[in-house]
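**Student:** what's the 3D shape of this:
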Amino acid sequence: MHERSSVVAGAPRICLVPEMTDLPSLVNIKGRPEISSVASGSTRWLVRGAIAVALVVAASWLGYAVAFQRGLDHLRAAAQQRLAVEAARLDGHLSRFEYLPSLLETSPSVFQLLGAPGDSALRQAVSQYLKSINLLAGADNLYVLGVSGETLAAADFDQPGTPFGENLSYRPYVSEALSKGRGAFFGVGITSARAGYYLSYALKEGGVTKGVATVKVNLGSFERAWRDIDSDILLLDERRVAILSSRDEWRFRPMEPLSLQMRDEISRSKPYGNHELTPLGWTFAAQSTDGSARVTAENRAYTLSERPINHGLWKLVLLDDEAPIRQTALIIGAMSGLASIVALLAAGLVEQRRRAIKQRLANQAALQAANDMLEIRVQERTAELRAAQDDLVHAGKLAALGQMSAGIVHELNQPLAALQTAADNAVLLVDRGLIGDARGNLTRIGELVRRLGRLTSQLRVFAYKSSSPLDAVAVEHAMAESLKILAARVKETGVDLVTDIDANLSVVADQTRLEQLLCNIVANALDAVEGADRKSILIRATREEAQTARCRIVISNSGPAIASDVLQRMFEPFVTTKPAGKGLGLGLMLSNHIARSFGGELRARNLTPSGAEFVVILPLAGTSETSHGR
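**Tutor:** Residues are numbered from 1 along each chain as shown. Model (predicted):
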């Protein structure tokens, strides 16, 4: 069976707690304030509290206001820098295509087409020419119109939504080119339904306008880029309608309601397609002289900054959310309030400390008398408790001495039993005249006596490290010597004991202590199978090649399983399941100590469906672990 018991660990720690029941009688706080003084003090504290609250609120508001204003200033400066960059990009992109319409004025085939607009072959050839030019230029479209406004050739003539063959005389850029020589217009394509910026140029021959060359520039790449930045950007045309926007829901919506005159003009030129032109409905809270303003859009506060582009016709608008600035300002305001609270508390603590010192000096005299009496009582109680402590220490020493004696008896019991058996057999052999056999038994008795001497010296490993050097020990020999000691018990109990030990298996250990370890575990297995129906013990020793070469000794039995609570504390001192008088719970603890001193370990687990096994892991002789414990 497996081991467990209880122990008196030693003398308890003594805590001296003096009686405090008489303390109130020793200290008498004299005097009671008058009602008028209480009322005056309460009023004074109320006034001070109101002043403190006002100071905290003022500090918080001042910190918030300063931080918020500085945040807005920084935001506006950063917005102007970003607007300058975006405006330069937009202006540069538009100016790239201004030369294209005038380039067609140098093409003879274009003027041939303008002279013979009904020639389909010529229209096809000029369209192919425009297509080749546009592939190099990268514009959205390039086309030629007659003075009537009909599109005679187009770079996208073979694509769906092409203006080829359409009459666009109602478009402002056509009429402007015919009247002024040049035109510009942003609008949604009538045939393609794609928005773009149109640049037109009058094609003249001999001072007479023969037609109009038009290039369409797509600005959609800017919108896509704007969606990737933190702020919102809009591009407003001359009517303050958003023609580009980082948000789709803001596109083609005016900043404020359009006048009837503007709506009539829009209905004629159709720059925005079929969009309803619903105003954005933003609320302007404040506007600065530098062109920035604070607006509320969709229930959020923004700082609006703008910059003119395209020769002042358009405005680029940047919206920055004020929420991060407001949050930072709130944090700074809260920190300002906390700083003022800390300052007020520091001032209060200084005043409180001054009063506390004054009060402490007044109470020291009364407390000194109480302290003197308590010291006398503590000394009396300490003397009584020390006497009790001496008695407990003496009792603990006696209990520890008894447990040590019982442990020594436990360790010597097995070799003494073998000694008794060998002596009895020697007497019988002498009586029968078998002197040679008797001499062998007497030799065995001498070995056992020497072993008992070595065993008693090895019991010190419980408290001290062994000074014996470790060496290579044959596992098979150590097991055979251990089984000789337990041979009589094995025979009496009728246990089926089987050994399977690899040949030439040596471990780093001490011969005597290794035999002691194995003897303890096998004896424990014999106890476990004592009441079992099938009594069997299997001993296996193999070489385990893992990260390091080790020897694995497994001793399993067919007895009952170990209780889970006992299994968790199997190798603690005085853990046993044996009845009183049969064991103190020192054997397995000592065996575990021996295994660890060899640089190994001892494990235990239950088997299925019944039984238990103990596994001893030891370093093989000749490996890197050989030096352990030396």
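**Student:** Show me which helix runs longest in the chain.
**Tutor:** Counting by DSSP state H, the longest helix found in the chain is helix 323-431.
**Student:** From the contact counts, what lies against that helix?
**Tutor:** If you count contacts as 3 or more Cβ pairs under 8 Å, 6 or more residues apart in numbering; DSSP states H and E, helix 323-431 packs onto helix 23-26, helix 35-95, strand 300-309, helix 435-458, helix 475-485, helix 487-493, helix 511-528, helix 587-597. Backbone N, C-alpha and C define where each C-beta goes, glycine included.
**Student:** now those in TSV, with mean neighbour count, distance to residue 265 and mean pLDDT?
**Tutor:** Output for the helices and strands packed on helix 323-431, formatted as TSV (neighbours: other Cβ atoms under 10 Å; distance: least, Cβ to Cβ, whole Å; pLDDT from 0 to 100):
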stretch	mean neighbour count	distance to residue 265	mean pLDDT
helix 23-26	12	97	42
helix 35-95	14	23	84
strand 300-309	19	21	88
helix 435-458	15	113	74
helix 475-485	19	108	90
helix 487-493	15	117	86
helix 511-528	24	106	90
helix 587-597	21	99	87
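**Student:** Take these and lay them out in JSON lines including distance to residue 535.
**Tutor:** Putting the helices and strands packed on helix 323-431 into JSON lines (distance: least, Cβ to Cβ, whole Å) gives the following:
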{"stretch": "helix 23-26", "distance to residue 535": "70"}
{"stretch": "helix 35-95", "distance to residue 535": "85"}
{"stretch": "strand 300-309", "distance to residue 535": "86"}
{"stretch": "helix 435-458", "distance to residue 535": "26"}
{"stretch": "helix 475-485", "distance to residue 535": "16"}
{"stretch": "helix 487-493", "distance to residue 535": "6"}
{"stretch": "helix 511-528", "distance to residue 535": "9"}
{"stretch": "helix 587-597", "distance to residue 535": "20"}
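**Student:** Tell me which of the ones you listed sits nearest to residue 336.
**Tutor:** helix 35-95 (2.9 Å; Cβ to Cβ).
**Student:** re the thing from before, relative to helix 587-597, how tilted is the longest helix of the chain?
**Tutor:** 110 degrees (axes from the mean of the first three to the mean of the last three Cα atoms, to 10 degrees).
**Student:** Helix 323-431 - what's its average pLDDT?
**Tutor:** Averaged over helix 323-431, pLDDT sits at 76.
**Student:** what's the spacing between it and its chain's center?
**Tutor:** Relative to the centre of its chain, helix 323-431 is centred 36 Å away, using Cα atoms, centre = their mean, to the nearest Å.
**Student:** Same question for stretch 568-588.
**Tutor:** Distance, stretch centre to chain centre, for stretch 568-588: 45 Å (Cα atoms, centre = their mean).
**Student:** Could you verify my assumption that residue 156 touches residue 162?
**Tutor:** Yes - assessed by Cβ atoms under 8 Å, residue 156 is found in contact with residue 162 at 4.6 Å.
**Student:** got any residues that touch both of those two?
**Tutor:** residue 141 (Cβ atoms under 8 Å, 6 or more residues apart in numbering).
**Student:** Quick check: which ranges of the stretch 201-350 of the chain have low pLDDT?
**Tutor:** Where the stretch 201-350 of the chain drops to pLDDT under 70, the residues are 290-291.
**Student:** Walking through it, point out its strands one by one.
**Tutor:** Assigned by DSSP state E, counting those that start in this stretch, the stretch 201-350 of the chain shows strands spanning 208-217, 232-236, 242-245, 283-287, 293-297, 300-309, 314-321.
**Student:** got these as JSON lines, with distance to residue 96 columns?
**Tutor:** Below are the strands of the stretch 201-350 of the chain laid out as JSON lines (distance: least, Cβ to Cβ, whole Å):
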{"stretch": "strand 208-217", "distance to residue 96": "8"}
{"stretch": "strand 232-236", "distance to residue 96": "17"}
{"stretch": "strand 242-245", "distance to residue 96": "17"}
{"stretch": "strand 283-287", "distance to residue 96": "35"}
{"stretch": "strand 293-297", "distance to residue 96": "32"}
{"stretch": "strand 300-309", "distance to residue 96": "15"}
{"stretch": "strand 314-321", "distance to residue 96": "17"}
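**Student:** Any idea which of those gets closest to residue 428?
**Tutor:** strand 314-321 (107.1 Å).
**Student:** Just checking: what are the partner strands of the closest one?
**Tutor:** Strand 314-321 pairs in its sheet with strand 232-236 (antiparallel), strand 300-309 (antiparallel), by DSSP bridges.
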